[in-house]
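Engineer: output the structure for:
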Amino acid sequence: MNRLKLTIIFAVLSLTAFSQIKKIEVAKKEIVGKIAPGGAITLTMECYRYEDDTYLFRYLDTKFSKIEVWKDFKIKSTEDFNTLYSYLEEGFSKMPEEAMLLNIGDGYLILRFSKFLGGKVVKIAHSTSDSETAIVGYTNLYTVKQINKLFGKTK
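Structural biologist: You can find the predicted model right below:
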């Protein structure tokens, strides 16, 4: 009798263990733009738009020169996406000496504008707090043309 109870308990437990696997729908995304300075082989940053109007920026972290690590941050709406682009445009036109700190909801972006080889460039730092000690990663230096391409803008 004990064996029968044990067998029934084991059968019920094994059935519930298999029912825990569930299929998850993967959100569809489309590429907005990408930056590949040396062609497709040297992709360093890309932007995707999801169906719910969130944007994912994936970038090759340049914090370490010998380790290749991809990191990302999200922008939660098309309005915020356009606001980020307008801050980048403003920075390129005014070239502020101080870094520009932007709150993106679940983190911060630090935009540093400078001149390099006679052209205007921006370096974006991704941080978990408004302190510069919590920086998660850095992008490469990007020109106005590359930022326009990343955001899918044609000028």
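Engineer: following the helix or strand of the chain with the lowest mean pLDDT, which helix or strand comes up?
Structural biologist: For the chain, the helix or strand with the lowest mean confidence is helix 2-18, at a mean of 63 (criterion: mean pLDDT, DSSP states H and E). The helix or strand immediately downstream of helix 2-18 is strand 29-35, counting by DSSP states H and E.
Engineer: tell me the angle the helix or strand that comes right after that next one makes with strand 29-35.
Structural biologist: Sequence-wise, the next helix or strand downstream of strand 29-35 (DSSP H and E) is strand 45-50. For strand 45-50 against strand 29-35, the angle by axes from the mean of the first three to the mean of the last three Cα atoms, to 10 degrees is 160 degrees.
Engineer: strand 45-50: partners in the sheet, and parallel or antiparallel?
Structural biologist: The strands that strand 45-50 pairs with in its sheet are strand 29-35 (antiparallel), strand 55-60 (antiparallel) (by DSSP bridges).
Engineer: the ones you listed into JSON lines, with extra columns for mean pLDDT, mean neighbour count and distance to L84?
Structural biologist: Any C-beta I mention is one placed from the backbone N, CA and C, and that applies to glycine too. Shown next, in JSON lines, are these (pLDDT from 0 to 100; neighbours: other Cβ atoms under 10 Å; distance: least, Cβ to Cβ, whole Å):
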{"stretch": "strand 29-35", "mean pLDDT": "91", "mean neighbour count": "15", "distance to L84": "12"}
{"stretch": "strand 55-60", "mean pLDDT": "94", "mean neighbour count": "19", "distance to L84": "9"}
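Engineer: quick one: closest of these to T154.
Structural biologist: Between T154 and the strands paired with strand 45-50, the tightest spacing by Cβ to Cβ is seen for strand 29-35, at 10.2 Å.
Engineer: using CSV, write out the CA atom coordinates for that closest one.
Structural biologist: Backbone C-alpha positions of strand 29-35 (Å, rounded to 0.1, in the frame of the first residue of the first chain) are rendered in CSV as follows:
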residue,chain,number,x,y,z
LYS,A,29,12.2,44.2,-33.7
GLU,A,30,13.5,46.1,-36.6
ILE,A,31,16.8,47.8,-37.0
VAL,A,32,16.8,51.6,-37.0
GLY,A,33,20.4,52.1,-37.7
LYS,A,34,23.9,50.9,-37.1
ILE,A,35,27.5,52.3,-36.9
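Engineer: kind regards, and thank you for your time.
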